[in-house]
Each structure stands twice: as structure tokens, then as C-alpha cells.
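Peer 1: Give me a model of this one.
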Amino acid sequence: MSSARQRRPYWLSLFLLVALLWLPAALAENAQTPSASQPSRIAWFTDGAEKAGLTMQEVFGGLQTKQYIIETTGTGVAIFDYDNDGWPDIFLVNGTTLEGSPAGKGPTNHLYRNNHDGTFTDVTMQAGLAGAPGWGQGVCVGDYDNTGWEDLYVTYYGKNRLYHNNHGTFTEVAEKAGVAGTGKAWGSGCAFVDYDRDGKLDLMVANYVDFDLATAPKPGERPTCLWKGVPVMCGPRGLKAAKNILYHNRGDGTFEDVSAKSHIDQSAGYYSLSITTVDYDNDGWPDIYVACDSTPSILYRNNHDGTFTDVAVVAGAAFNEDGRAQAGMGSTVADYDGDGNLDIFKTNFSDDTSTLYHNNGDGTFSDATFPAGLGLHTQYLGWGAMFLDFDNDTWPDLLLVNGHVYPEVDKYKLGSNYEEPRILYHNNGNGTFTDISENAGPGITARWSGRGLAIGDLWNNGQLAAVISNMNARPSLLVNQVHNKNHWLEIKSVGTSSNRDGIGARITVKLGKRTLVEEVRSGSSYDSNSDMRVHFGLGTAAKIDDLQIRWPSGLTERFANLSVDSIHTLHEGSGVKQPDPPPRSGTSK
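Peer 2: All right, here's what the predicted structure looks like:
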């Protein structure tokens, strides 16, 4: 052996050394980039958070164990243009721990300004958003005073915050505006919505549990504090439920609590988590869907007179197809099958499936989870969920964020993992989905205990990215490295008679035989707020045949000659007015 080494030529030894140094790096690179031998790959998501400068650490309860349910819910994410420069920025809600922090040194929410080059700068201090320590939960965006600058509402266990946008800086005004709450509620999801169509954004707030840390039971103390025989944190079952709140915008910078007047408070005994607004019966009035933990879902139907009726049971959106209440977490809306009706998807607890509610077009829904191919994964506990057309082929795909609530599942091997991968479903265009997660890149397969999820075109190039909040870790920024030649279109709505954001506007795009439908929406997913510019993938179509907007005011307009692969800002009143459509029949109203 030694003589063989002595006879080896110098060039061969050098070659072997270089090969040994090069091979690990090449393998690592191949693990991060799509293979050229797989030209049919449509998705390869990588996590670019650290490179982009999203380095904040979410602080949320204990690491190895969660003594109380308050430590488990995590936080939301918002993508919005806070400084009106035309580029979406990122806001991340933060939490705390049971022990708390010294005064002035606690975790804070974070605002990141888009630098237009793929990176972000933390501008929390400059924007006036530092501080506000506590158990932060959800976030929603809306220009509540119609100034043209987006405001922020953040829910807490305790008093909620309303941040008024002063043209790039913020002032906290929740108490003055009347939306801080009593300080005893546990706010979760929220959404701005003009429920009475008066041109001013109102505010819907979901409350989770009537919780008091001082009297809360400890793990194993009650039968409801055991999971698969292991002592775990208690709840929500066994704890008192909380009531949701609806605030009406008075138009003078203040809000009135109309929960009783609107009948929102008549839905009692629910553990509400996330809110998605949707005009499910297409009558021009916004309805409200609430995903609830361990209790049936809520579907508040808008009665056109300032009141709502919970019709979830009769509409088929309260339970799964077995008639069983599930542990709902997040929700999202899209017309997944192209029939012109907006459908609802909801994530649930582990040992269960998520649920897809197909909108039948007559005011009712059918559970289409298994026919659509979405009943595969029962081991994961889902949170954030968003429909998104990541490949711009005109069909909404589906991204799910997962993570368990019990760190003990790892220690006792209870059939799940605390940190779990994401799920990416590709829409097949025939009412079904295919799970492509395993071959969709390390951004999908990496394991985290995720919660909030927001989607946005962060670089104004028609490619949707995802921002995810992760428990006791940095956020994730998922970017698809596979590009295709499909076209796209994005619409920023600006109301005049309607609210300035055009929240609630219904946008319809005609594309040959296809009709694409979506609404401008605040909130949704799990306690998060996505880019409110409405995105349409157009496939190979180099032009659109027609685009119409039905504004919250009731005005319907047609906008012609809109170029593809572009972002268009459309103002109410600047299109061609269309005749009022005939009244719909067969709905549940």
C-alpha cells in the first residue's frame, strides 16, 4: 500500500484532493436547487429569510413544555405597503413568556421595510412600533379612516392595539378609538370589513378562551388536561368560551361595539381562532367565516340590515361530512374548481384531516375534502393556510403550515412531531389536488412549529412568496426558484364611494372559457393578513378578455385594455359602468 502511494503521480493526488473538497459542496448545492434532469418540476421553494434580513426571533412560551394554553397559539404575519412606495413590507407579531422580561427589554413586534432588492430592513423603532410587550396574537390591515395609508390592528391576550398610520410612522390609538377591549379578553383573529357598506371599514375580532392565568388548571389536573394518556396543558375543552366582537366605524376615528346589536354575540360557546370574510352567496354583502377550535365553525350571514345570522349548520359549513365538530385553526377562500363560487378551506388538529367546503352556489356547502384529494395527512396539526396560484396556471394551489401544540409529542412518541413540514398541494384543474410537498424544495420539507402565514408578491414580479411565523424561532420566507413563462395580473383596488382599500370588492376576470373570481380581503389564514392586491395567474394567455369589479358600494364596472404581467391600480368610478345583475335565486336568504 505504501509503495502504491509513492508511485501515484502528483497530478492524480491533486485531482483526488480537489474532488474530496468539491463533492460535499456539490451535494449540498444540489440539495438546494432543482435538478436539471427534472424539467417538469413546477415548484422548488427555498427559505430565504436570513439572507433577506428577516432575523427576529419569535418568543412564545416555554421551549420543552407548555404549561398553559396561552403558550401554544403563536402569532400572525401581515404583508402590506406601510410607506406607500409600491413595495409590500412585512409585519411580524411577537409574544412573551410566563416569566416575562425586565422593563424595556421584552420581545417586540417587528416591521421590515422592503428594500426593493430582495432584502428587508428592520424599521420597528423608526416607525413607532417598538414596545407593546405581551402575548401578541393576530394582525389585520385596513385604512379605517380612508386617508390612503394602511393602519394596523393587533390582537392580544389582554388589550388589543390599533396603530394609526401617520404617513409612514404609527401612533397607537386603540383606547381612543374604542377598540382596545377590556383587557380581560383573548383576541385571536381579526379582519377589517365594511359590513354595512357605508364606505367606512368596520372591525371584526374573534376571541378564543375566557382565560385567567391565575386560576388556570395545570397539566394533568383534569381529564381534559391529558392527551393520549400524557399530562399536557389544559384546553380549550374544559375552559370557558369567549364571545366575538364587532365594532362599527363611526367615521370620526372611533368605533362602537355593536356585538349585541348585530347579533354577533348570539353565537356563544365557541373557541374562535381565525376570521375570513367572504361573500359566499354572492349577493354583494360581506359574510364572515370563523374557524373554531374543538367546536363547530361559524358562518355569519349578512342580513343587509346591520345584523348577522349564524347559518353554518344549515349551510353545511359547521361540521365535516361525518357531522363532527373539528378543531379549526386557520381558513382561506378561493374558487378552486372554477365554477364562479368561492369555496372555504380550513385547517384542523392532528389525527384529523383539513376540510374543504365546496360552495354549491345555492347558499350551501358540501365537504369535498376526500374527493379533492386533501384527506391524506392526519398526522399534522395545521395552522396557516392560503390558496395561491404559485405557478400562475390560473388554478389556485394550496399551502399549509403545520406544527404541534404539545412539545411532549416528541418525548413520548405520540404519533406526531412538534416540528412539522409544510404541505403544498398543486391544483390539477379538475377539482382535485396533488400533494407535491416532497419534491417542492427544502422550504416545504423543513420542519418547524409554524403558525401564521401570509402570501404576497414581495418583488412585484408576479411570483408569490410566503412569510411564516415559527414558534420560538426566526420567521420563514418561502420563495419559488422555478420560473415559468405563464402570465399574471394583479389589481390594487382604490375605493371612492366604497372604503379606500376596496375591501369586499369582487373582481372577475374572463379568460377564454375560464372565469377567475376573487375578493379584496383583510385578515384570513391563521390570524394573518396577506398582500391585498388581488393576484391572478393567467396561464399562457397573453391578454384578458374582460375584467369587472363589483365594488362594496354596489357599483359594477368594466375595465378594458389591461396589460398582462402588470400591477394595475384601479379607482372606483374610472371604469365603464355595467348594468345591475339580476337578483340571484336559490340562496339561503
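Peer 1: what's the spacing between A43 and D501?
Peer 2: 30 Å (Cβ to Cβ, to the nearest Å). All C-beta atoms are positioned from the backbone trio N, CA, C, and that covers glycine.
Peer 1: Could you do F559 as well?
Peer 2: F559 is 17 Å from D501, by Cβ to Cβ.
Peer 1: Please name the nearest non-neighbouring residue to F433.
Peer 2: For F433, ignoring the flanking residues on the chain, the nearest one in space by Cβ to Cβ, 6 or more residues apart in numbering is Y425 at 3.9 Å.
Peer 1: Let's verify the closest residue to P296 other than its chain neighbours: helix, strand, or coil?
Peer 2: The spatial neighbour of P296 that comes closest, neighbours along the chain excluded (Cβ to Cβ, 6+ apart), is A318 at 3.8 Å. At A318, secondary structure determined by DSSP: H, G, I helix; E, B strand; the rest coil is coil.
Peer 1: I'd like to know how many residues surround R521.
Peer 2: Neighbourhood size, R521 [other Cβ atoms under 10 Å]: 24.
Peer 1: Hmm, D279 and it touching each other?
Peer 2: No. With contact defined as Cβ atoms under 8 Å, R521 and D279 do not form a contacting pair (10.2 Å).
Peer 1: so where do the helices sit in the stretch 251-400 of the chain?
Peer 2: All helices of the stretch 251-400 of the chain, identified by DSSP state H, counting those that start in this stretch, fall at 312-315.
Peer 1: Sketch out the strands for it, chain order is fine.
Peer 2: Using DSSP state E, counting those that start in this stretch, the strands assigned to the stretch 251-400 of the chain run over residues 255-257, 272-278, 287-292, 298-302, 308-310, 331-334, 343-346, 355-359, 365-367, 382-388, 397-402.
Peer 1: Quick one, which of the ones you listed gets closest to N461.
Peer 2: strand 382-388 (14.7 Å; Cβ to Cβ).
Peer 1: Strand partners (parallel or antiparallel) of that closest one?
Peer 2: Sheet partners assigned to strand 382-388 using DSSP bridges are listed as strand 397-402 (antiparallel).
Peer 1: list the buried ones in the following helix or strand past the partner strand?
Peer 2: Following strand 397-402 in sequence order, the next helix or strand is helix 408-411 (DSSP states H and E). Of the residues in helix 408-411, E408, V409 count as buried by neighbour count, 16 or more other Cβ atoms under 10 Å.
Peer 1: Off-centre distance for helix 408-411?
Peer 2: 27 Å (Cα atoms, centre = their mean, to the nearest Å).
Peer 1: any idea of the mean pLDDT for the helix or strand following that helix?
Peer 2: Helices and strands here follow DSSP H and E; after helix 408-411, the next one along the chain is strand 423-427. Per-residue pLDDT over strand 423-427 has a mean of 98.
Peer 1: Kindly report the same for stretch 404-412.
Peer 2: The average pLDDT within stretch 404-412 is 93.
Peer 1: And stretch 542-556, by the same measure?
Peer 2: Across stretch 542-556, pLDDT averages out at 98.
Peer 1: Quick one: end-to-end distance for that stretch.
Peer 2: End-to-end span of stretch 542-556 (Cα to Cα, to the nearest Å): 25 Å.
Peer 1: returning to what we had before: quick one: which of A43 and D501 has more around it?
Peer 2: More crowded of A43 and D501, by other Cβ under 10 Å: D501, with 27 against 21.
Peer 1: Looks like the more buried one contacts V520 (just checking).
Peer 2: Yes. With contacts counted by Cβ under 8 Å, D501 reaches V520, the gap being 6.6 Å.
Peer 1: shared neighbours of these two, which are they?
Peer 2: Shared contacts of D501 and V520, defined by Cβ atoms under 8 Å, 6 or more residues apart in numbering, comprise S493, M532.
Peer 1: Let me see the ranges of the strands in the stretch 1-150 of the chain.
Peer 2: 45-47, 77-80, 89-92, 110-114, 120-122, 135-142.
Peer 1: Got phi/psi on the residue nearest the centre of the chain?
Peer 2: Closest to where the C-alpha atoms of the chain average out (Cα atoms, centre = their mean) is S525, at 2.7 Å. With angles defined as degrees, to the nearest 10, S525 sits at phi 60, psi -140.
Peer 1: got it, and the one 4 residues further on?
Peer 2: Note on N529: backbone dihedrals following degrees, to the nearest 10 are phi -140, psi 120.
Peer 1: Spit out the contact partners of it.
Peer 2: With Cβ under 8 Å, 6+ apart, N529 has these contacts: G76, V77, A78, I79, F80, V139, C140, V141, A454, S522, G523.
Peer 1: Would you quantify the distance from it to G323?
Peer 2: For N529, the distance to G323 - Cβ to Cβ - is 33 Å.
Peer 1: quick one on the thing from earlier: just confirm the residue nearest to F433 contacts L398, I think it does.
Peer 2: Yes. Y425 is within contact range of L398, at 4.2 Å (criterion: Cβ under 8 Å).
Peer 1: and for these two, which residues touch both?
Peer 2: Shared contacts of Y425 and L398, counting by Cβ under 8 Å, 6+ apart, come down to L374, F433.
Peer 1: Against D565, how distant is the nearest residue in space to S493 that is not next to it in sequence?
Peer 2: Spatial nearest neighbour of S493, excluding adjacent residues (Cβ to Cβ, 6+ apart): G502 at 3.0 Å. Per Cβ to Cβ, G502 is found 22 Å from D565.
Peer 1: Likewise for I491?
Peer 2: In this structure, I491 and D565 are 13 Å apart, going by Cβ to Cβ.
Peer 1: Specify which residue of those two has the higher count of neighbours.
Peer 2: Using other Cβ under 10 Å as the criterion, I491 and D565 rank with I491 on top: 24 against 14.
Peer 1: my read: the more buried one touches V534, true?
Peer 2: Yes. Checked against Cβ under 8 Å, the pair I491 and V534 is within contact range at 4.7 Å.
Peer 1: neighbours around the residue nearest to P296, how many?
Peer 2: Burial of A318 is recorded as 21 neighbouring residues (other Cβ under 10 Å).
Peer 1: Go ahead and confirm it touches Q326.
Peer 2: No. If you go by Cβ under 8 Å, A318 and Q326 don't touch, sitting 9.6 Å apart.
Peer 1: So for these two, which residues contact both of them?
Peer 2: Common neighbours of A318 and Q326 (Cβ under 8 Å, 6+ apart) are S297.
Peer 1: What is the burial count for Q578?
Peer 2: When counting by other Cβ under 10 Å, one arrives at 13 neighbours for Q578.
Peer 1: What distance do you get for the residue lying closest to it once chain neighbours are set aside to G363?
Peer 2: Counting by Cβ to Cβ, 6+ apart, Q578 lies nearest to T556, which is 4.3 Å off, once chain neighbours are set aside. Counting by Cβ to Cβ, the gap from T556 to G363 is 21 Å.
Peer 1: And C225, by the same measure?
Peer 2: 40 Å.
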